[in-house]
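Asks: Here's a sequence, model it:
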Amino acid sequence: MGKREEKIASIIQHTTRLLVHEGVGGLSMRRVADLAEIRLSNLQYYFKDREALLKATVAHYFEQCKTDVLQSLPSSDTKEIKLESLLRETLQKGLVLGDTNEQCAMFREIWALSTRNTSIAALVKEYYQHYCQWLVQLMASYTPQPQLIVSLLMPYVEGYSVMGQALPLTKEEVIDLLVKTVLVVIDQ
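Replies: Numbers count the residues shown, from 1 in each chain. Have a look, this model is predicted:
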């Protein structure tokens, strides 16, 4: 990674930290510059304004989510894995309670931002469209109906970070229920 990429990574890391711990109200170009130990004018060289910085940070967050999903999947040389095992493993890693990890805190902040900022809302919509298409392609090697699986599970996985603690079932019971539901739906 070159110096430019390192500097951008540092700026985005500090921006993310501010968003997670203080929300968008605590985010200013000056605060990010101070945390990144650079001058404001240097920050503005990389990101002309707060909007550009937010967009880059959100895009980075979504890229990291995709990387995390890829790392959680079984290696490509294990094509023998059954769909049920893949679903269980993916759900085990994907069903995360929101107050237990910074990634979920960032997710909530992005959603809050998207309700007030049309460019962030467009970025969120674009991300989910690409992400769902990508998941459909991944699932296609395991089932002839990947769209059904993605359409059923994505809203649940995303919502679990907010609702998981309120559910009357344990995480393991939820996983069992979701896997059984998917298997019944794709067999019909």
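Asks: Contacts for stretch 111-125, please.
Replies: Contacts of stretch 111-125 with the rest of the structure, by C-beta atoms under 8 Å, 6 or more residues apart in numbering, involve 23-24, 51, 54-55, 58-59, 62, 110. All C-beta spots, glycine's among them, are computed from the backbone N, C-alpha and C.
Asks: Of those residues, which is the most crowded?
Replies: V58 (25 neighbours; other C-beta atoms under 10 Å).
Asks: Verify the stated contact: A105 with V96.
Replies: No - using C-beta atoms under 8 Å, A105 makes no contact with V96, being 10.9 Å away.
Asks: Next, work out how far apart the residue nearest the centre of the chain and L43 are.
Replies: The structure's the chain has its C-alpha centroid closest to C65; by C-alpha atoms, centre = their mean the separation is 3.9 Å. To L43, C65 is 25 Å away according to C-beta to C-beta, to the nearest Å.
Asks: Repeat that for V157.
Replies: Going from V157 to L43 by C-beta to C-beta gives 35 Å.
Asks: same thing with L178?
Replies: 44 Å.
Asks: what helix or strand is the closest residue to V150 other than its chain neighbours on?
Replies: Closest residue in space to V150, ignoring its immediate chain neighbours: L135 at 4.7 Å, by C-beta to C-beta, 6 or more residues apart in numbering. If you go by DSSP states H and E, L135 is part of helix 118-139.
Asks: Output stretch 140-160 in PDB with nothing but the alpha carbons.
Replies: The C-alpha trace of stretch 140-160 is given here as PDB (Å, rounded to 0.1, in the frame of the first residue of the first chain):
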ATOM      1  CA  ALA A 140     -26.100 -20.300  -7.500                       C
ATOM      2  CA  SER A 141     -23.400 -23.000  -7.200                       C
ATOM      3  CA  TYR A 142     -25.400 -24.600  -4.300                       C
ATOM      4  CA  THR A 143     -28.900 -24.300  -5.400                       C
ATOM      5  CA  PRO A 144     -30.900 -23.600  -8.600                       C
ATOM      6  CA  GLN A 145     -33.000 -21.000  -6.700                       C
ATOM      7  CA  PRO A 146     -30.500 -18.600  -5.200                       C
ATOM      8  CA  GLN A 147     -32.900 -15.600  -5.500                       C
ATOM      9  CA  LEU A 148     -35.300 -17.200  -3.100                       C
ATOM     10  CA  ILE A 149     -32.600 -17.800  -0.500                       C
ATOM     11  CA  VAL A 150     -31.200 -14.300  -0.700                       C
ATOM     12  CA  SER A 151     -34.700 -12.700  -0.700                       C
ATOM     13  CA  LEU A 152     -35.700 -14.600   2.300                       C
ATOM     14  CA  LEU A 153     -32.600 -14.300   4.400                       C
ATOM     15  CA  MET A 154     -31.100 -10.800   3.700                       C
ATOM     16  CA  PRO A 155     -33.900  -8.800   5.400                       C
ATOM     17  CA  TYR A 156     -33.700 -11.100   8.300                       C
ATOM     18  CA  VAL A 157     -30.000 -11.000   8.700                       C
ATOM     19  CA  GLU A 158     -29.900  -7.300   8.400                       C
ATOM     20  CA  GLY A 159     -32.800  -6.800  10.900                       C
ATOM     21  CA  TYR A 160     -31.400  -9.300  13.400                       C
END
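Asks: Thank you, goodbye.
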